[in-house]
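Peer 1: Predicted model and sequence follow; I will ask about them next.
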Amino acid sequence: MLHRSSVANRKRNIESDPIYRNRLVNMLVDRILKNGKKSLAYQIPYRAMKRIRQKTNRNPLSVLRQAVRGVTPDVVTESKRVGGSTYRVPVEVVPAEGKALAIRWLLIACRKRSGRSMALRSSDESMDAARNSGSAVRKKEETHKVAEANKAFAHFR
């Protein structure tokens, strides 16, 4: 018999999207999704990828992969309460969790950007992240700085 905790910890099988046959695009679509409008959520990354191809003359999937790789953090900090005070303890990130964080940060950066449509903002942020600039990359560097500053508390892990 399976315990409830073992069912919750099992990794969800992510399917690939219909056009690019890629899991990363599907993860992006699932994070964009609002109010259950999946067909609209699919249009946003597809338009963004079309624009990336026009702007860079490169495969938009490789640009997206490079962007996610550039934003994926190596370490994050978790709050740990020890004897009445809270410490930010640096913890290494599991690759799957890192990818999820990277996608989340990319989308947050896209939503904060000024611009017309989400597709335009998304393509701009992805191209910036692939070039190692942009607010999503800045978020990763900021996270690494915080982890480095709190390295003294690593023994609380």
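Peer 2: Good, I have the coordinates.
Peer 1: need the helix or strand of the chain with the lowest average pLDDT.
Peer 2: helix 4-8 (a mean of 53; mean pLDDT, DSSP states H and E).
Peer 1: Following that one in sequence, what is the next regular element?
Peer 2: helix 23-32 (DSSP states H and E).
Peer 1: which strands and helices sit next to that following helix?
Peer 2: Where contact means 3 or more Cβ pairs under 8 Å, 6 or more residues apart in numbering; DSSP states H and E, helix 23-32 is packed against helix 38-56, helix 60-71, helix 95-112. In this view, the C-beta of every residue, glycine as well, is placed from N, C-alpha and C.
Peer 1: For G84, which of these is the nearest?
Peer 2: For G84, the closest of these is helix 95-112, at 29.2 Å, according to Cβ to Cβ.
Peer 1: Show me the shaky parts of the protein.
Peer 2: Applying pLDDT under 70 to the chain picks out residues 1-10.
Peer 1: Can I get the helices and strands packed on helix 23-32 in a markdown table including mean neighbour count and distance to S85?
Peer 2: Formatted as a markdown table, the helices and strands packed on helix 23-32 follow (neighbours: other Cβ atoms under 10 Å; distance: least, Cβ to Cβ, whole Å):
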| stretch | mean neighbour count | distance to S85 |
| --- | --- | --- |
| helix 38-56 | 17 | 42 |
| helix 60-71 | 20 | 31 |
| helix 95-112 | 18 | 26 |
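Peer 1: okay, those in CSV with distance to R121 next?
Peer 2: Output for the helices and strands packed on helix 23-32, formatted as CSV (distance: least, Cβ to Cβ, whole Å):
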stretch, distance to R121
helix 38-56, 8
helix 60-71, 13
helix 95-112, 5
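Peer 1: quick one, which of these is nearest to L24?
Peer 2: L24 lies closest to helix 60-71 among these, at 6.3 Å (Cβ to Cβ).
Peer 1: How far away from the center of its chain is that closest one?
Peer 2: Relative to its parent chain, helix 60-71 has a centroid offset of 10 Å by Cα atoms, centre = their mean, to the nearest Å.
Peer 1: likewise stretch 77-87?
Peer 2: The chain centre lies 26 Å from the centre of stretch 77-87; the measure is Cα atoms, centre = their mean.
Peer 1: Report the buried residues of it.
Peer 2: Under the neighbour-count criterion of 16 or more other Cβ atoms under 10 Å, stretch 77-87 has 77, 87 buried.
Peer 1: Nice, that's everything, thank you.
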